[in-house]
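Q: test case, fold it:
(2 chains)
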Amino acid sequence: GAVVSQHPSWVICKSGTSVKIECRSLDFQATTMFWYRQFPKQSLMLMATSNEGSKATYEQGVEKDKFLINHASLTLSTLTVTSAHPEDSSFYICSARELPGGQPITDTQYFGPGTRLTVL
Amino acid sequence: GQNIDQPTEMTATEGAIVQINCTYQTSGFNGLFWYQQHAGEAPTFLSYNVLDGLEEKGRFSSFLSRSKGYSYLLLKELQMKDSASYLCARNNAGNMLTFGGGTRLMVKP
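A: Purely as a prediction, here's the structure:
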């Protein structure tokens, strides 16, 4: 099946610093990638939709200037948490949707392993 | 809205059968996913239902009723490793996913 990787798997940073998280589709091209955030014992909340070659679409309540998304190629999207604060500590998960031939077959999203961010 | 409701927690015994229900609003509905998520890990795909009826995959089955806005995940012959959260996710117009709050299943010996 399709494999999505994330790097780093965990990161600890000081308040005020920026952190970049990479999401890669390893064996397929992903025109669309999604970024989710998950707090302990809660479900996944969609933060933004990342489309290759265009600006990301952010969900209501997500600050686009704080969570910078770049989808520079068909296999890579990055999320940068700028000026991180302790309340940004969370589990960040990306997913990628394969669209062979421009049309989804099962429209399954394949999830990366997640990145646990802890801001001190 | 796209309210997705599923029970917060369930407990079952090893070897038993458990059914996890999920209800959702029907407007703009494309399909219904079920994912399994172990603590600290990303979700893994279990099933995707588009049409009404039951789909069986080994010990796991998923059912959908589009008209009722209802789905369930059925787990048979429960094993300890099935202890996890089970996420119901609605595939919306525009192929976006909205997740329910997840059901934490605890399997006891």
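
Q: B:T44 pairs with what?
A: Bridge pairing for B:T44 (DSSP bridges) gives the partners B:Q36.

Q: count of neighbours near B:G58?
A: Per other C-beta atoms under 10 Å in any protein chain shown, the neighbour tally for B:G58 reads 7. For the C-beta atoms, the positions are set from N, CA and C on the backbone; glycine is no exception.

Q: how close does it get to chain A?
A: Between B:G58 and chain A the distance is 16 Å, computed by C-beta to the nearest C-beta, to the nearest Å.

Q: near chain A, which residues of chain B?
A: B:30-31, B:33, B:35, B:40-45, B:48, B:87, B:91, B:95-102, B:104 (C-beta under 8 Å from any C-beta of the partner chain).

Q: just the buried ones from these, in ChimeraX syntax?
A: The ChimeraX selection below is limited to those of the residues of chain B next to chain A classed as buried (16 or more other C-beta atoms under 10 Å in any protein chain shown):
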select /B:30,31,33,35,42,43,45,48,87,91,96,97,98,99,100,101,102,104
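
Q: and the pLDDT at residue 72?
A: Chain wasn't specified; assuming chain A. For A:A72, the pLDDT comes out at 82.

Q: chain B is the one I meant
A: B:Y72 is given a pLDDT of 98.

Q: show the low-confidence segments of chain A, by residue range.
A: Counting by pLDDT under 70, the ranges of chain A that qualify are A:1, A:99-107.

Q: can you spell out which helices and strands pack onto the least confident helix or strand in chain B by mean pLDDT?
A: Across the helices and strands of chain B, mean confidence by mean pLDDT, DSSP states H and E is lowest for strand B:97-99: a mean of 88. When contacts are defined as 3 or more C-beta pairs under 8 Å, 6 or more residues apart in numbering or on different chains; DSSP states H and E, strand B:97-99 packs onto strand A:45-51, strand B:84-92.

Q: at 10 Å what do you get?
A: Applying 3 or more C-beta pairs under 10 Å, 6 or more residues apart in numbering or on different chains; DSSP states H and E, one finds that strand B:97-99 contacts strand A:32-38, strand A:45-51, strand B:29-37, strand B:84-92.

Q: what strands flank the helix or strand immediately after that strand in the chain, and is each parallel or antiparallel?
A: Remark: after strand B:97-99, the chain's next helix or strand is strand B:103-108, criterion DSSP states H and E. The strands beside strand B:103-108 in its sheet (DSSP bridges) come out as strand B:9-13 (parallel), strand B:84-92 (antiparallel).

Q: winner for burial among these?
A: Sort these by mean neighbour count, taking mean count of other C-beta atoms under 10 Å in any protein chain shown, and strand B:84-92 sits at the top with a mean of 23.

Q: kindly export that strand (C-alpha atoms) in PDB.
A: Below are the C-alpha coordinates for strand B:84-92, written out as PDB (Å, rounded to 0.1, in the frame of the first residue of the first chain):
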ATOM      1  CA  ALA B  84      -7.400   1.100  20.500                       C
ATOM      2  CA  SER B  85      -9.400   4.100  19.400                       C
ATOM      3  CA  TYR B  86     -11.700   3.600  16.400                       C
ATOM      4  CA  LEU B  87     -12.400   6.700  14.400                       C
ATOM      5  CA  CYS B  88     -15.400   7.200  12.200                       C
ATOM      6  CA  ALA B  89     -14.700   9.700   9.400                       C
ATOM      7  CA  ARG B  90     -17.100  11.200   6.900                       C
ATOM      8  CA  ASN B  91     -16.000  11.900   3.400                       C
ATOM      9  CA  ASN B  92     -17.600  15.100   2.500                       C
END
